[in-house]
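**Q** sequence unknown, structure follows:
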């Protein structure tokens, strides 16, 4: 039983050293964390925007329209002005 306890203690000590070497969120500067969060939010918003635009444009044919077509006369060329 004593060997088992000693083995568990040694294993915990080795695992503690390995865990201490991992970078944690507490080690990062708060400004860097804020910038990373803003970048992630901007990417998420861009993805949402693109998906919304894609969903909106699915049933709409892409045709050029001329809103002034009824306002022009039959012969409205620039050379006759």
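**A** Done, it's in. Because the structure is predicted, anything quoted here is derived from the model rather than measured.
**Q** ranges for the strands of this structure?
**A** In the chain, no strands are found when defined by DSSP state E.
**Q** any low-confidence regions in it?
**A** The model of the chain has pLDDT under 70 over residues 16-27, 72-81.
**Q** repeat that with 80
**A** By pLDDT under 80, the low-scoring segments of the chain are 10-28, 57-81.
**Q** And the helices in the protein?
**A** 2-20, 30-56 (DSSP state H).
**Q** out of those, nearest to residue 66?
**A** For these, proximity to residue 66 was assessed by CB to CB; helix 30-56 is nearest, at 22.7 Å. (C-beta placed from N, C-alpha, C; glycine too.)
**Q** got the helices of the chain as CSV, with mean neighbour count and distance to residue 62 columns?
**A** CSV is the format used below for these (neighbours: other CB atoms under 10 Å; distance: least, CB to CB, whole Å):
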stretch, mean neighbour count, distance to residue 62
helix 2-20, 9, 57
helix 30-56, 10, 12
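**Q** Dump those to a markdown table, plus distance to residue 66.
**A** Below are these laid out as a markdown table (distance: least, CB to CB, whole Å):
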| stretch | distance to residue 66 |
| --- | --- |
| helix 2-20 | 69 |
| helix 30-56 | 23 |
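**Q** Of the ones you listed, which is nearest residue 68?
**A** Of all these, helix 30-56 comes closest under CB to CB, at 25.7 Å.
**Q** Can you tell me how far residue 5 is from residue 11?
**A** Counting by CB to CB, to the nearest Å, the gap between residue 5 and residue 11 amounts to 11 Å.
**Q** go on, residue 57?
**A** From residue 57 to residue 11 the distance is 59 Å (CB to CB).
**Q** again, but for residue 4
**A** 11 Å.
**Q** and residue 48, what does it touch?
**A** By CB atoms under 8 Å, 6 or more residues apart in numbering, residue 48 lies in contact with nothing.
**Q** Offset the numbering so it begins at 44, please.
**A** OK, 44 is where the count begins now, so the last one is residue 91.
**Q** Off-centre distance for stretch 104-116?
**A** In this view, stretch 104-116 has its centroid 38 Å away from the chain centroid, taken as CA atoms, centre = their mean, to the nearest Å.
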